[in-house]
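Chemist: Pasted the sequence and its predicted model underneath.
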Amino acid sequence: IPAFGHIQLTNISTGAMQKYVVIRRKDVCGKSILNEVVLLETMFKHAYKWGYVKINPCEHLERPKTVKPDIEILEPTEISLLLDNSSGLYRMAFLTALPDGHFKFPHPWPGQNPPPWVGRTGFDLAFFLF
């Protein structure tokens, strides 16, 4: 483990691991640290099972809190701008990603029902447009 230099596995304590978490917190987000801790915990679990260490220093470690970022959803005007400025496969990919009811497309058959082969999902609309 590069962060511990030449310290032997048997000399790494829970306190040293906690210090590692605090130091890493300055450089990376909580989720990245959590991923590292899970990897280290697995490594120490195997080292314990194989007799290389007497305790798993990650076992009682205080794990960093992770915060899920809010998802930004495009407004209808932003979706229109995106579609107006995209073409080909990109446009089709954007159209297939639009969930039903989140964006109202202009009706291609004003005053009449669409043919039965045209569904109501973004994929069917994208297929029809291309």
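Modeler: Sure, I can see it. Residues are numbered from 1 along each chain as shown.
Chemist: Now name the helix or strand holding Thr96.
Modeler: Using DSSP states H and E, Thr96 falls within helix 88-97.
Chemist: Let me know the average pLDDT across that helix.
Modeler: Average pLDDT, helix 88-97: 80.
Chemist: Now do it: which elements does it pack against?
Modeler: Here helix 88-97 touches helix 76-84, helix 122-129, going by 3 or more CB pairs under 8 Å, 6 or more residues apart in numbering; DSSP states H and E. Heads up, the C-betas are built off the backbone N, CA and C, glycines and all.
Chemist: how far off helix 76-84 does that helix point, in degrees?
Modeler: 150 degrees (axes from the mean of the first three to the mean of the last three CA atoms, to 10 degrees).
Chemist: Relative to Tyr20, how far out is Tyr52?
Modeler: Remark: distance between Tyr52 and Tyr20 (CB to CB, to the nearest Å) = 19 Å.
Chemist: now Ala97
Modeler: In this view, Ala97 and Tyr20 are 40 Å apart by CB to CB.
Chemist: Who has more neighbours out of those two?
Modeler: For Ala97 versus Tyr20, neighbours defined as other CB atoms under 10 Å are more numerous around Tyr20 (21 against 11).
Chemist: Was I right to think that one contacts Ala3?
Modeler: Yes - the criterion here is CB atoms under 8 Å, and Tyr20 meets it with Ala3 at 5.5 Å.
Chemist: show me what contacts Lys54?
Modeler: Thr10, Tyr48 (CB atoms under 8 Å, 6 or more residues apart in numbering).
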